[in-house]
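Undergrad: Curious how this folds, go ahead:
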Amino acid sequence: MLIAGFPAGAWGTNCYLVAPAAGEECVIIDPGHQATEGVEETLRKHRLKPVAVLLTHGHIDHVASVVPVCGARDVPAFIHPEDRFMMSDPEKALGRSLGAQLMGELTVGEPDDVRELTDDTRLQLAGLDLTVAHAPGHTKGSVTFRMPEQADVPPVFFSGDLLFAGSVGRTDMPGGDHAEILRSLARVCLPQDDVTVVLSGHGPQTTIGRERATNPYLREVAAGLGDDAGAGAPPRRGL
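TA: Below you'll find the predicted structure:
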(Lines give C-alpha, C1' and ligand atoms only; values in the text may rest on other atoms or scores of the structure.)
Protein backbone atom coordinates (compact mmCIF):
# COMPACT_ATOMS: atom_id res chain seq x y z
CA MET A 1 0.00 0.00 0.00
CA LEU A 2 1.26 3.47 -0.93
CA ILE A 3 -0.18 6.57 0.73
CA ALA A 4 1.63 9.81 -0.07
CA GLY A 5 0.32 12.94 1.60
CA PHE A 6 1.32 16.58 1.82
CA PRO A 7 -0.15 19.79 3.31
CA ALA A 8 -1.15 22.33 0.68
CA GLY A 9 -1.93 26.01 0.45
CA ALA A 10 -2.93 28.74 2.84
CA TRP A 11 -4.84 26.36 5.13
CA GLY A 12 -2.34 23.49 5.17
CA THR A 13 -4.96 21.03 3.96
CA ASN A 14 -3.74 17.46 3.65
CA CYS A 15 -3.95 16.04 0.13
CA TYR A 16 -3.45 12.27 -0.20
CA LEU A 17 -2.55 10.06 -3.15
CA VAL A 18 -3.41 6.41 -2.53
CA ALA A 19 -2.37 3.40 -4.60
CA PRO A 20 -1.75 -0.33 -4.14
CA ALA A 21 1.94 0.33 -4.88
CA ALA A 22 4.30 2.62 -6.79
CA GLY A 23 3.80 2.48 -10.54
CA GLU A 24 0.08 1.70 -10.19
CA GLU A 25 -3.21 3.56 -10.59
CA CYS A 26 -4.20 5.85 -7.70
CA VAL A 27 -6.93 8.04 -6.29
CA ILE A 28 -6.36 11.61 -5.13
CA ILE A 29 -8.16 12.76 -1.98
CA ASP A 30 -8.85 16.48 -1.36
CA PRO A 31 -6.66 18.46 -3.79
CA GLY A 32 -7.12 21.82 -2.09
CA HIS A 33 -5.63 25.29 -2.35
CA GLN A 34 -2.34 25.30 -4.30
CA ALA A 35 -2.23 21.48 -4.40
CA THR A 36 -1.68 21.08 -8.14
CA GLU A 37 2.11 21.24 -8.07
CA GLY A 38 2.33 18.81 -5.16
CA VAL A 39 -0.02 16.38 -6.90
CA GLU A 40 2.05 16.43 -10.10
CA GLU A 41 5.30 16.02 -8.20
CA THR A 42 3.93 13.05 -6.24
CA LEU A 43 2.57 11.41 -9.38
CA ARG A 44 5.97 11.66 -11.04
CA LYS A 45 7.90 10.53 -7.99
CA HIS A 46 5.86 7.35 -7.54
CA ARG A 47 4.96 6.81 -11.22
CA LEU A 48 1.26 6.90 -10.48
CA LYS A 49 -1.73 7.18 -12.80
CA PRO A 50 -4.79 8.83 -11.21
CA VAL A 51 -8.23 7.45 -11.97
CA ALA A 52 -10.39 9.63 -9.69
CA VAL A 53 -10.47 12.53 -7.25
CA LEU A 54 -12.36 11.92 -3.99
CA LEU A 55 -13.59 14.87 -1.92
CA THR A 56 -14.40 14.60 1.78
CA HIS A 57 -16.43 17.82 1.60
CA GLY A 58 -16.86 20.96 -0.45
CA HIS A 59 -14.96 23.67 1.44
CA ILE A 60 -12.57 25.56 -0.79
CA ASP A 61 -9.50 24.47 1.17
CA HIS A 62 -10.29 20.89 0.07
CA VAL A 63 -11.51 21.44 -3.51
CA ALA A 64 -9.66 24.49 -4.86
CA SER A 65 -7.48 22.44 -7.22
CA VAL A 66 -10.07 19.89 -8.30
CA VAL A 67 -10.70 21.50 -11.71
CA PRO A 68 -7.05 21.64 -12.86
CA VAL A 69 -6.21 18.23 -11.35
CA CYS A 70 -9.20 16.50 -12.96
CA GLY A 71 -8.75 18.38 -16.22
CA ALA A 72 -5.06 17.56 -16.57
CA ARG A 73 -5.70 13.83 -16.24
CA ASP A 74 -9.30 13.59 -17.53
CA VAL A 75 -10.61 11.92 -14.36
CA PRO A 76 -13.91 12.28 -12.47
CA ALA A 77 -14.44 13.93 -9.11
CA PHE A 78 -16.62 12.30 -6.44
CA ILE A 79 -18.50 14.46 -3.90
CA HIS A 80 -21.65 14.22 -1.79
CA PRO A 81 -24.60 16.03 -3.44
CA GLU A 82 -25.18 18.24 -0.37
CA ASP A 83 -21.74 19.84 -0.90
CA ARG A 84 -21.59 19.92 -4.67
CA PHE A 85 -22.65 23.58 -4.93
CA MET A 86 -19.59 24.63 -2.95
CA MET A 87 -17.26 23.98 -5.86
CA SER A 88 -18.95 26.76 -7.83
CA ASP A 89 -19.88 29.08 -4.93
CA PRO A 90 -17.22 28.82 -2.18
CA GLU A 91 -18.15 32.11 -0.52
CA LYS A 92 -21.76 30.98 0.01
CA ALA A 93 -20.39 27.82 1.61
CA LEU A 94 -18.31 29.81 4.09
CA GLY A 95 -20.73 32.62 4.77
CA ARG A 96 -18.03 35.23 4.23
CA SER A 97 -15.87 36.77 1.52
CA LEU A 98 -12.58 35.09 0.69
CA GLY A 99 -11.16 38.40 -0.50
CA ALA A 100 -10.25 39.45 -4.02
CA GLN A 101 -6.57 38.59 -3.64
CA LEU A 102 -7.22 34.99 -2.60
CA MET A 103 -10.08 34.48 -5.05
CA GLY A 104 -7.66 35.35 -7.84
CA GLU A 105 -5.65 32.24 -6.93
CA LEU A 106 -8.64 29.88 -6.98
CA THR A 107 -10.20 27.91 -9.81
CA VAL A 108 -13.91 28.04 -9.05
CA GLY A 109 -16.30 25.63 -10.73
CA GLU A 110 -16.87 21.96 -11.42
CA PRO A 111 -14.71 19.57 -13.42
CA ASP A 112 -16.30 18.04 -16.51
CA ASP A 113 -17.21 14.76 -14.78
CA VAL A 114 -18.75 14.95 -11.30
CA ARG A 115 -20.15 11.85 -9.61
CA GLU A 116 -22.16 11.90 -6.41
CA LEU A 117 -21.45 9.88 -3.27
CA THR A 118 -23.99 8.30 -0.94
CA ASP A 119 -23.72 6.74 2.49
CA ASP A 120 -22.32 3.22 2.68
CA THR A 121 -21.26 3.23 -0.98
CA ARG A 122 -18.40 0.88 -1.75
CA LEU A 123 -15.94 2.33 -4.24
CA GLN A 124 -13.58 0.02 -6.08
CA LEU A 125 -11.06 2.26 -7.80
CA ALA A 126 -7.39 1.81 -8.72
CA GLY A 127 -7.34 -1.62 -7.11
CA LEU A 128 -8.52 -0.09 -3.82
CA ASP A 129 -11.63 -0.87 -1.78
CA LEU A 130 -13.05 2.21 -0.06
CA THR A 131 -16.29 2.50 1.91
CA VAL A 132 -18.03 5.87 2.05
CA ALA A 133 -19.73 7.09 5.22
CA HIS A 134 -21.88 10.21 5.17
CA ALA A 135 -20.73 12.17 8.24
CA PRO A 136 -22.52 15.54 8.40
CA GLY A 137 -21.79 18.18 11.02
CA HIS A 138 -18.83 20.11 9.64
CA THR A 139 -20.83 20.46 6.41
CA LYS A 140 -24.06 18.82 5.34
CA GLY A 141 -22.28 16.71 2.75
CA SER A 142 -19.16 15.68 4.64
CA VAL A 143 -18.07 12.11 4.03
CA THR A 144 -15.24 9.83 5.11
CA PHE A 145 -13.46 7.02 3.29
CA ARG A 146 -12.34 3.79 4.96
CA MET A 147 -10.08 1.07 3.62
CA PRO A 148 -10.17 -2.34 5.33
CA GLU A 149 -7.22 -4.10 6.88
CA GLN A 150 -5.12 -5.98 4.35
CA ALA A 151 -2.02 -8.12 4.82
CA ASP A 152 0.09 -6.28 7.41
CA VAL A 153 -1.60 -2.92 6.83
CA PRO A 154 -4.18 -1.83 9.45
CA PRO A 155 -7.46 -0.22 8.39
CA VAL A 156 -7.05 3.35 7.12
CA PHE A 157 -9.66 6.04 7.72
CA PHE A 158 -9.65 9.29 5.73
CA SER A 159 -11.67 11.45 8.11
CA GLY A 160 -11.70 14.80 6.29
CA ASP A 161 -12.69 17.49 8.77
CA LEU A 162 -14.75 15.18 10.96
CA LEU A 163 -11.98 13.98 13.28
CA PHE A 164 -8.48 15.36 13.92
CA ALA A 165 -5.69 14.46 16.31
CA GLY A 166 -7.04 15.96 19.52
CA SER A 167 -9.97 17.79 17.98
CA VAL A 168 -12.95 17.69 15.59
CA GLY A 169 -14.31 19.86 12.78
CA ARG A 170 -15.77 23.27 13.48
CA THR A 171 -19.53 23.71 13.13
CA ASP A 172 -19.97 27.49 13.08
CA MET A 173 -20.22 27.97 9.29
CA PRO A 174 -23.20 27.47 6.95
CA GLY A 175 -24.25 23.83 7.02
CA GLY A 176 -22.43 23.14 10.26
CA ASP A 177 -24.33 21.51 13.10
CA HIS A 178 -22.94 20.75 16.56
CA ALA A 179 -25.41 17.98 17.43
CA GLU A 180 -24.97 16.45 13.97
CA ILE A 181 -21.20 16.19 14.19
CA LEU A 182 -21.52 14.48 17.58
CA ARG A 183 -23.86 11.93 16.03
CA SER A 184 -21.41 11.43 13.17
CA LEU A 185 -18.54 10.88 15.60
CA ALA A 186 -20.61 8.29 17.46
CA ARG A 187 -21.85 6.50 14.35
CA VAL A 188 -18.77 6.67 12.10
CA CYS A 189 -15.75 6.81 14.42
CA LEU A 190 -16.54 4.99 17.64
CA PRO A 191 -17.32 1.56 16.10
CA GLN A 192 -13.91 1.36 14.39
CA ASP A 193 -11.01 -0.72 15.69
CA ASP A 194 -8.43 1.04 17.84
CA VAL A 195 -5.64 0.17 15.38
CA THR A 196 -7.36 2.09 12.56
CA VAL A 197 -5.04 4.78 11.21
CA VAL A 198 -6.73 8.17 10.94
CA LEU A 199 -5.57 10.46 8.13
CA SER A 200 -7.44 13.73 8.56
CA GLY A 201 -7.90 16.89 6.55
CA HIS A 202 -5.46 18.89 8.67
CA GLY A 203 -2.63 18.02 11.02
CA PRO A 204 -0.80 14.79 11.84
CA GLN A 205 -2.01 11.24 11.57
CA THR A 206 -3.40 9.47 14.59
CA THR A 207 -5.36 6.31 15.42
CA ILE A 208 -8.89 5.65 16.58
CA GLY A 209 -7.49 4.14 19.78
CA ARG A 210 -5.45 7.23 20.59
CA GLU A 211 -8.41 9.51 19.93
CA ARG A 212 -10.78 7.29 21.89
CA ALA A 213 -8.42 7.65 24.87
CA THR A 214 -7.37 11.30 24.57
CA ASN A 215 -9.65 13.32 22.27
CA PRO A 216 -12.02 15.23 24.59
CA TYR A 217 -14.84 15.28 22.04
CA LEU A 218 -14.67 11.59 21.24
CA ARG A 219 -14.27 10.63 24.90
CA GLU A 220 -17.35 12.53 25.91
CA VAL A 221 -19.40 11.26 22.98
CA ALA A 222 -18.42 7.74 24.03
CA ALA A 223 -19.53 8.57 27.56
CA GLY A 224 -22.94 9.62 26.25
CA LEU A 225 -22.70 13.29 27.19
CA GLY A 226 -24.51 14.37 24.03
CA ASP A 227 -24.62 18.13 23.39
CA ASP A 228 -22.14 18.77 26.21
CA ALA A 229 -19.41 16.73 24.50
CA GLY A 230 -16.15 18.62 24.30
CA ALA A 231 -17.19 21.41 26.67
CA GLY A 232 -14.03 23.25 27.64
CA ALA A 233 -11.99 21.30 25.06
CA PRO A 234 -9.46 22.79 22.62
CA PRO A 235 -10.90 24.79 19.69
CA ARG A 236 -12.31 22.85 16.78
CA ARG A 237 -10.42 22.84 13.50
CA GLY A 238 -11.04 23.22 9.78
CA LEU A 239 -11.58 26.20 7.52
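Undergrad: tell me, which helix in the protein spans the most residues?
TA: In the chain, assigned by DSSP state H, the helix with the most residues is helix 36-46.
Undergrad: C-terminal to it, which secondary structure element comes first?
TA: Next helix or strand after helix 36-46 toward the C-terminus (DSSP states H and E): strand 49-54.
Undergrad: what is the mean pLDDT for that next one?
TA: Per-residue pLDDT over strand 49-54 has a mean of 98.
Undergrad: Could I get the buried residue list for stretch 175-186?
TA: By neighbour count on 16 or more other Cβ atoms under 10 Å, the buried set for stretch 175-186 is Gly175, Gly176, Glu180, Ile181, Leu182, Ser184, Leu185, Ala186. Using the backbone N, CA and C atoms, a C-beta is placed for each residue, glycine as well.
Undergrad: ignore the last one, stretch 141-153
TA: By 16+ other Cβ under 10 Å, the buried positions in stretch 141-153 come out as Gly141, Ser142, Val143, Thr144, Phe145, Arg146, Met147.
Undergrad: Sort out for me which of those residues are in strands.
TA: Among the buried residues of stretch 141-153, the ones falling in strands (DSSP state E) are Val143, Thr144, Phe145, Arg146, Met147.
Undergrad: out of those, who's nearest Asp129?
TA: Met147 (6.3 Å; Cβ to Cβ).
Undergrad: For the buried residues of stretch 141-153, give me CSV that also has distance to Asp74 and pLDDT.
TA: Shown next, in CSV, are the buried residues of stretch 141-153 (distance: Cβ to Cβ, whole Å; pLDDT from 0 to 100):
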residue, distance to Asp74, pLDDT
Gly141, 25, 98
Ser142, 27, 98
Val143, 24, 98
Thr144, 27, 98
Phe145, 22, 98
Arg146, 27, 98
Met147, 25, 98
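Undergrad: Let me have the residues you listed in a markdown table, adding distance to Arg170 as columns.
TA: Formatted as a markdown table, these follow (distance: Cβ to Cβ, whole Å):
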| residue | distance to Arg170 |
| --- | --- |
| Gly141 | 16 |
| Ser142 | 12 |
| Val143 | 17 |
| Thr144 | 17 |
| Phe145 | 21 |
| Arg146 | 23 |
| Met147 | 26 |
